[in-house]
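Trainee: need coordinates for the below:
(one chain, ligands or ions: 1)
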Amino acid sequence: MDMPPPDPAILARKPEIVARLRSILPADAVIDDAHETRAYECDAFTAYRCPPLAAVLPRSTAEVSAVLAACHAMGVPVVPRGSGTSLAGGALPTADCVILGVARLTEVLEEEHGFFYAPDPSSQLACAIAGNIAMNSGGAHCLKYGVTTNNLLGATLVLMDGTVIELGGAHLDAPGLDLLGVICGSEGQLGVVTEATLRILPKPEGARPVLMGFDSSEVAGACVADIIRAGVLPVAIEFMDRPCIRACEDFAHAGYPDVEALLIVEVEGSEAEIDHQLGLIKDIAHRHAPEVLRESGSAEESALIWKGRKSAFGAMGQINDYICLDGTIPVSELPKVLKGIGELSARYGLGVARRAWRRGGEARPDGRSVHARRSGGTDGGEGRVRSGLAAEPRQGVPAGGKRGPPCRAKGGRVRGALPPSPPRRGLPTEYFRKDEGQWSEAGRRA
Ligand SMILES: Cc1cc2nc3c(=O)[nH]c(=O)nc-3n(C[C@H](O)[C@H](O)[C@H](O)COP(=O)(O)OP(=O)(O)OC[C@H]3O[C@@H](n4cnc5c(N)ncnc54)[C@H](O)[C@@H]3O)c2cc1C
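Mentor: Okay, here's the model as predicted:
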């Protein structure tokens with residue numbers, strides 16, 4: 001598979017384009033050396049690599065605006081980039097484009113102590129808020145707190161012609177059209193986010209995860225469905241199957257039990273609240289005859305449990321090359337979908353590691369806002385489980401065809417992390433099956 005060919009007319013004008021960028025930005029903010037631009041040749045989706053024509057690192061909204069206006073006038077494509085942790089090739093350049101990196105937009109304009117910003121993608125140590133906004137990212141704790149779109153109050157956006165617009169404000173649900181909702185998850189295609197006002201929440205008094213091990217993925221899925229049905233609201237519910245448990249355990253030594261399927265369920269609040277909620281959850285779990293039921297006994301143990309789960313992508317990469325797929329499933333259908341994936345895996349002899357987490361989006365009324373000039377998907381998720389899946393790549397096996405059918409059959413959606421959207425990047429479509437339609441595009445827009 002090849003990258004789309006660059007426009008030779010743009011390549012021929014490189015000296016002129018770079019000179020124009022240098023006239024706008026300080027010398028250290030324009031990178032055009034062939035060795036140095038290689039740092040921007042891909043994101044975390046490393047199957048494609050292509051150094052850009054140049055990379056720029058502006059320090060302010062005004063500089064971003066000037067760069068975009070100049071590139072617009074010169075007809076040069078621009079790809080915004082946060083920290084480059086996208087797994088979908090979103091920040092992947094072509095040879096005739098300028099990468100606009102926002103790594104220098106790190107100023108915190110307002111801050112309040114004793115609060116926290118809830119969205120916690122596993123890549124949170126590295127990724128940028130602008131990247132989170134562009135991908136509508138979320139993590140383990142989205143069940144209670146939602147994903148980025150539920151925690152974004154306002155943004156400064158520079159359109160591709162350099163026009164600066166302000167969206168939203170310091171509160172949720174600003175009047176007028178929900179343009180913030182359009183920006184969130186738009187993968188950098190509508191403009192460059194340079195500032196964000198984020199909802200921050202009071203830190204909970206405490207939190208405690210419990211590990212629940214089951215003898216099958218189906219039973220673990222049924223337990224999740226029962227917890228949700230009972231109206232209990234943990235802050236996180238995570239599912240991992242045996243290959244995923246093993247990979248994470250080998251990588252992080254988190255103390256996971258050797259079981260077929262593992263749930264990590266975390267609740268938070270005061271000690272009394274935690275005990276009460278965990279009591280309800282453990283009662284439900286006992287109905288499914290768990291092989292292991294273990295509460296975390298200390299903050300260190302809790303941290304280790306989450307370290308294991310958050311290492312899943314990296315841990316899987318240590319075993320094999322893999323294709324990562326991502327989809328949402330109605331929670332009541334989770335047991336059947338997990339079973340269906342297992343059957344497909346066995347039928348095709350394709351190793352599959354599954355992890356899933358319950359998504360939510362509850363808006364807490366006690367949130368405040370914090371304004372950051374930090375450049376750093378929801379699928380809504382209400383009543384759904386988002387499931388990540390790693391499968392060994394194998395030639396001739398359509399990625400969408402593996403996990404797509406069980407998800408769709410149960411009324412869920414597939415959000416493909418691979419390959420990048422062909423219409424945007426002009427990339428080849430070998431991974432798509434004709435009879436599957438445009439599943440990745442549909443999932444992307446859902
Ligand atoms: C180990 C690992 C674990 C991960 N875990 C999760 C997870 O739990 N949940 C999750 O949701 N994702 C996860 N991801 C994916 C990724 O980290 C997120 O999508 C993250 O939000 C990307 O942020 P970034 O700053 O790295 O963005 P980049 O990769 O730099 O860019 C991502 C997209 O955002 C656009 N963009 C970047 N900056 C801007 C800007 N200023 N304005 C407009 N558009 C912009 C880019 O053009 C691109 O399309 C994981 C990735 C890795 C490698």
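Trainee: and for the one residue in the stretch 151-300 of the chain that gets nearest to the ligand, the neighbour number?
Mentor: Proximity of the stretch 151-300 of the chain to the ligand (Cβ to the nearest ligand atom) peaks at residue 188, 2.8 Å away. Heads up, the C-betas are built off the backbone N, CA and C, glycines and all. Using other Cβ atoms under 10 Å, residue 188 has 24 other residues around it.
Trainee: cool, residue 226 as well?
Mentor: Per other Cβ under 10 Å, the neighbour tally for residue 226 reads 18.
Trainee: run through the residues that contact the residue lying closest to residue 230 once chain neighbours are set aside.
Mentor: Closest residue in space to residue 230, ignoring its immediate chain neighbours: residue 284 at 5.9 Å, by Cβ to Cβ, 6 or more residues apart in numbering. Residue 284 makes contact with 223, 226, 227, 230, 232, according to Cβ atoms under 8 Å, 6 or more residues apart in numbering.
Trainee: now do the one helix or strand residue 284 maps to, average pLDDT.
Mentor: Residue 284 is part of helix 271-286 when elements are defined by DSSP states H and E. Average pLDDT, helix 271-286: 96.
Trainee: and for stretch 137-153?
Mentor: 90.
Trainee: close to the ligand, is that stretch?
Mentor: Yes. Judged by Cβ under 6 Å from any ligand atom, stretch 137-153 comes into contact with the ligand through 137, 138, 139.
Trainee: can I get those residues in CSV with neighbour count and secondary structure?
Mentor: Output for the residues of stretch 137-153 next to the ligand, formatted as CSV (neighbours: other Cβ atoms under 10 Å; DSSP: H, G, I helix; E, B strand; the rest coil):
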residue, neighbour count, secondary structure
137, 27, coil
138, 29, coil
139, 21, coil
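Trainee: what's the closest non-adjacent residue to the residue in the stretch 101-250 of the chain that the ligand sits nearest to?
Mentor: Closest approach between the stretch 101-250 of the chain and the ligand, counting by Cβ to the nearest ligand atom: residue 131, at 2.1 Å. Nearest in space to residue 131, with sequence neighbours left out and distances taken as Cβ to Cβ, 6+ apart, is residue 82 at 2.9 Å.
Trainee: give me the number of neighbouring residues for the one you found.
Mentor: Residue 82 has 28 neighbours, counted by other Cβ under 10 Å.
Trainee: phi, psi for it please.
Mentor: When read as degrees, to the nearest 10, the backbone of residue 82 gives phi -90, psi -100.
Trainee: against residue 346, how distant is it?
Mentor: In this view, residue 82 and residue 346 are 39 Å apart by Cβ to Cβ, to the nearest Å.
Trainee: would you agree residue 322 is in contact with residue 316?
Mentor: Yes. Checked against Cβ atoms under 8 Å, the pair residue 322 and residue 316 is within contact range at 5.6 Å.
Trainee: got the contact list for residue 241?
Mentor: When the contact criterion is Cβ under 8 Å, 6+ apart, the partners of residue 241 are 217, 260, 261, 262, 338, 353, 354, 355.
Trainee: three-state assignment of the fourth one?
Mentor: Okay, so that is residue 262. Using DSSP: H, G, I helix; E, B strand; the rest coil, the structure places residue 262 in strand.
Trainee: can you pull up the bridge partners for it?
Mentor: residue 213, residue 240 (DSSP bridges).
Trainee: about what we covered before: distance check, the residue nearest to residue 230 against residue 39.
Mentor: Residue 284 is 49 Å from residue 39, where distance means Cβ to Cβ.
Trainee: which residues touch residue 154?
Mentor: 166, 167, 168, 169, 170, 174, 180, 196, 197, 369, 371.
Trainee: let's go with 10 Å and repeat that
Mentor: Residues in contact with residue 154, defined by Cβ atoms under 10 Å, 6 or more residues apart in numbering, are 166-172, 174, 180, 195-198, 369, 371.
Trainee: got the domain ranges for this structure?
Mentor: Each domain of the chain is listed here as a residue range: 8-101, 106-202, 205-319, per automatic domain parsing.
Trainee: need the distance between the two termini of the first one.
Mentor: Spelled out, that is domain 8-101. 24 Å (Cα to Cα, to the nearest Å).
Trainee: repeat for the last one
Mentor: Domain 205-319 has its terminal residues 38 Å apart, counting by Cα to Cα.
Trainee: now do that domain: distance to the chain's middle.
Mentor: 21 Å (Cα atoms, centre = their mean, to the nearest Å).
Trainee: partners of the strand or helix carrying residue 353 in the sheet?
Mentor: In this structure, residue 353 sits in strand 352-358 according to DSSP H and E. Applying DSSP bridges to the sheet, strand 352-358 is found paired with strand 236-241 (antiparallel), strand 384-391 (antiparallel).
Trainee: same question for the last one, mean pLDDT?
Mentor: Mean pLDDT, computed over strand 384-391, is 53.
Trainee: what does the shortest one give?
Mentor: Confidence over strand 236-241 (mean pLDDT, whole number) is 92.
Trainee: in terms of model confidence, name the weakest of the contacts of residue 284.
Mentor: Among the contacts of residue 284, residue 232 has the lowest pLDDT, at 86.
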